[in-house]
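Enquirer: missing the sequence, but the structure's below:
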């Protein structure tokens, strides 16, 4: 009897803990969004670019310019414009991009999968290679291997990605012909392939169009590898430092004393503990790539989010910029949440708490 | 985020990357585009609408002219004349007010609907009533929302009557009708897609004349039909089998959005595109040396100029204006900065336009300039700023100008900025000096004469933002003279007036006109009959075939 009561109390406490966690998360999410929007909105409105120019062009007569300004509500006070925008956004109405004339979310639904496909592949490449390299560097600390990993990382981190991109294009595309360019898919498939989800690799798999899959893969592999290299540089450095930290812990000494094999100590015990902060690092680097890498997208003519937002920003196309900000904000919030959840599975201590 | 870094430094680095690319480049692995498809690499991120009544951008001009028909078109043999497109013949009444166009019989839109004078009238009506950016090209003939259905109407199935408000020179009226805003849309088809609108004070009509649909839709009769426009990605055109003229040789044309010159060059060399449209001088040179590739070029109706804001009292002195014209190193600019992409040209009418005047009297002459500055009372020099877009070739020209000004004791501060940013400041007349370009809105001398030589209202609220207004250059006599030239029926006399205007502008204006743009393209050797036209709306693709 007594036992069940404590049990129930514990369950109730856990439930209220979950509710308050959710509430806390909601409050944080809402303030994050509002803050994001406000900052972007006001910065967007003070940049010295006339948004009307993008719509009517340089040659438009004065009355057309004035009328358009009015239609866009740009003659209202700033706070009113902001209020109108937020009200629309809450109703799921994010406005129309002046550059593409599409509803902003339609544009983003098209641009984001392109970026996400690239970023996902890039992050997979970066982690699959970066983590083992980092572990290796930590284990062989100070050795020639450590130095090599360091140099690889430094190059990836400091060489401008578009320069590397162009060189890679010249080598792998123009000279060797291993990869395809430009864009996401060859124009041969313009008529035979329609993408439902916007993720070309998945769609090609789903529709069992193997030649399309091959072509899409040939298009994506080079930019994805470049982004992968870029994140590899970061991931391997962080892995190294996390591993060094773990390897100096007492449990490692204990494990060695117990006579466990070095491989087991490193990969099963130390890496497992290092994995917790590493997940955050990888998630953040993934989120960074999801913003879209303007330079990579420009070089590879990749119709992604980075290109879309940059182009919009340069034309003071605020609806598009704000829409993009919301999406990127959501990505960060979601990935943070995701890595929190992953913590719980990876680290039993956080589960108990 | 990485986006802030894309500008100035990035371009320089890219140029460096392109150089390294040249070092590495060797025999490329060769791909080929489909035999019935033309693929062009083209920066098409300026497109904002495919509606011919709204579109006014350079790349849209090309799309519209390949997909829509006009009453009359420029005669490619002699661009100071026009010839019939949908119109078989036309007459001008003796009082010069009524233009009667007879349409060719039996023509059809891509949709299969017949082309009638009704469609022409509706096309005019929607342009005037929508009143978008290019509408002034038609409304300058006295058309308003209230009178357009009377002034532009179908007399019968094949007769279209256009009434103008003054006895303009017929060459002026006809030249304006060659602009893409005069494209004829399929009335029946558009009416199926109109969206109801609540009338307001600003917009008195109950529907949008299909504007929203036509932004991405298509209702034309041109050699090609528009299949799809995906912003920042591609424009796809398909052959129109109902076309009234000679059918297009290739089944489809695909424009792929490619922003970078080096990327376009790589794709061209590898055969993934047939034509590269945005090649910079170094890439163009590499393409011209490749035996598999060819290059072509055509002077375009765009001139680059530096202007002096007359609100600045020093710049308003006539001697200073003249002195500055002697402080541009035209020769050096022509031989290096604009090599292959432009040629020195100091008058406001580009070559190929009625009334062109091919005179380049100014040379770099520091001594003469110093003399003039002394006469103006500023022998000891002064400081001045110039707003410059951070793109080439304008940045290079600005730097060259800065050096030669320094030799005459004038200190020039360059304020770099993004394109839209400098333009915003320029349009608000907050600049000292500005370097920019002006492209003709329609292929008639008035387009440039009006902007360089007329300023009907110099107040800050001026309703017409011509370049003369933007630089606060108040010239009532020139404004009148420009207006009068529109009414000169004799084409030779009209041409002579424009030559006089150009001489005056050359000598006294606050505009230092430097060069006329040349458009260049690199293309694969198996293309036949690819040519760039004299304007952005005469780059036709339907003549092109593949071997």
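Expert: The structure has been received and is ready for your questions. As the structure is a prediction and not an experimental result, all values here were calculated from the model.

Enquirer: please tell me how far residue B:429 sits from chain A.
Expert: Plainly put, residue B:429 is 13 Å away from chain A if you go by C-beta to the nearest C-beta, to the nearest Å. Placement of C-beta: from N, CA and C, glycine included.

Enquirer: next: residue B:351.
Expert: Relative to chain A, residue B:351 is positioned 21 Å away (criterion: C-beta to the nearest C-beta).

Enquirer: OK, contacts around the closest residue to that residue other than its chain neighbours?
Expert: Residue nearest to residue B:351 in three dimensions, not counting chain neighbours: residue B:299, with 5.4 Å by C-beta to C-beta, 6 or more residues apart in numbering or on different chains. Listed by C-beta atoms under 8 Å, 6 or more residues apart in numbering or on different chains, the contact partners of residue B:299 are B:343, B:350-352, B:516-519, B:534.

Enquirer: count the residues that sit near the nearest residue to residue A:97 once chain neighbours are set aside.
Expert: Beyond its immediate neighbours in the sequence, the residue positioned closest to residue A:97 (C-beta to C-beta, 6+ apart) is residue A:320, lying 4.1 Å away. Counted with other C-beta atoms under 10 Å in any protein chain shown, the burial measure for residue A:320 works out to 27 neighbours.

Enquirer: what does the stretch 201-350 of chain B put close to chain A?
Expert: On the criterion C-beta under 8 Å from any C-beta of the partner chain, chain A has as its neighbours in the stretch 201-350 of chain B the residues B:202, B:215-216, B:230-234, B:236, B:254, B:256-260, B:262-263, B:266-267, B:269-270, B:272-273.

Enquirer: tell me which of those residues fall in strands.
Expert: Cross-referencing those with the strands (criterion: DSSP state E) gives B:230, B:234, B:236, B:254, B:256-257 as the overlap.

Enquirer: ok and the residue in the stretch 101-250 of chain B nearest chain A?
Expert: Closest residue of the stretch 101-250 of chain B to chain A, C-beta to the nearest C-beta: residue B:231 (3.6 Å).

Enquirer: so that residue touches residue A:104, yeah?
Expert: No. Using C-beta atoms under 8 Å as the test, residue B:231 is too far from residue A:104 to be in contact (11.8 Å).

Enquirer: more neighbours, these two?
Expert: residue A:104 (26 against 23).

Enquirer: report pLDDT for that one.
Expert: pLDDT for residue A:104: 91.

Enquirer: with residue B:14 instead?
Expert: pLDDT, residue B:14: 51.

Enquirer: next: residue B:26.
Expert: pLDDT, residue B:26: 41.

Enquirer: equivalent analysis for residue A:306, please.
Expert: pLDDT, residue A:306: 88.

Enquirer: name the SS class of it, please.
Expert: When the structure is reduced to helix, strand and coil (DSSP: H, G, I helix; E, B strand; the rest coil), residue A:306 reads as helix.

Enquirer: distance check, whichever residue of the stretch 51-200 of chain A sits closest to chain B against residue B:270.
Expert: Taking C-beta to the nearest C-beta as the measure, the stretch 51-200 of chain A has residue A:177 as its residue closest to chain B, at 2.5 Å. Note on residue A:177: its distance to residue B:270, by C-beta to C-beta, to the nearest Å, is 7 Å.

Enquirer: also residue B:312?
Expert: As judged by C-beta to C-beta, residue B:312 and residue B:270 stand 51 Å apart.

Enquirer: what's the answer for residue A:271, then?
Expert: For residue A:271, the distance to residue B:270 equals 43 Å [C-beta to C-beta].

Enquirer: strands of chain A, start to end?
Expert: Taking DSSP E to define them, one finds no strands in chain A.

Enquirer: got phi/psi on the residue nearest to residue B:351?
Expert: Comment: the main-chain dihedrals of residue B:299 come out as phi -70, psi 140, following degrees, to the nearest 10.

Enquirer: identify the bridge partners of it.
Expert: Beta-bridge pairing of residue B:299 under DSSP bridges involves residue B:518.

Enquirer: hmm, back to that, contacting residues around the residue nearest to residue A:97?
Expert: A:97-100, A:104, A:107, A:308-309, A:312.

Enquirer: next step: those residues restricted to helices.
Expert: The subset of these located in helices under the criterion DSSP state H comprises A:104, A:107, A:308-309, A:312.

Enquirer: near chain B too, which of those residues?
Expert: Of the entries in those, the ones placed beside chain B under the rule of C-beta under 8 Å from any C-beta are A:107, A:308-309.

Enquirer: most neighbours among those residues, please name it.
Expert: For those, the largest number of neighbours (other C-beta under 10 Å) sits with residue A:308, at 32 neighbours.

Enquirer: wait, isn't residue A:230 in contact with residue A:156?
Expert: Yes. Under the criterion of C-beta under 8 Å, residue A:230 is in contact with residue A:156, at a separation of 5.7 Å.

Enquirer: report pLDDT for residue B:30.
Expert: Here, the pLDDT recorded for residue B:30 equals 58.

Enquirer: repeat for the one 5 residues further on
Expert: Reading off the per-residue confidence, residue B:35 sits at a pLDDT of 91.

Enquirer: low-confidence bits of the chain, can you list those?
Expert: Picking chain A for this. Across chain A, residues meeting the criterion (pLDDT under 70) sit at A:1-15, A:292, A:350-353.

Enquirer: correction: the question concerned chain B.
Expert: For chain B, residues meeting the criterion pLDDT under 70 lie at B:1-31.

Enquirer: can you tell me the centre-most residue of it?
Expert: Centrality entry for chain B: nearest residue to the mean C-alpha point is residue B:439, 4.0 Å, by C-alpha atoms, centre = their mean.

Enquirer: quick one: it and chain A, what's the gap?
Expert: The span separating residue B:439 from chain A equals 9 Å under the rule C-beta to the nearest C-beta.

Enquirer: which residues of the stretch 51-200 of chain B lie near chain A?
Expert: Applying the criterion C-beta under 8 Å from any C-beta, the portion of the stretch 51-200 of chain B that neighbours chain A consists of B:56-57, B:131-136.

Enquirer: from those residues, pick the one nearest residue A:133.
Expert: For these, the residue nearest residue A:133 by C-beta to C-beta is residue B:57; the value is 48.0 Å.
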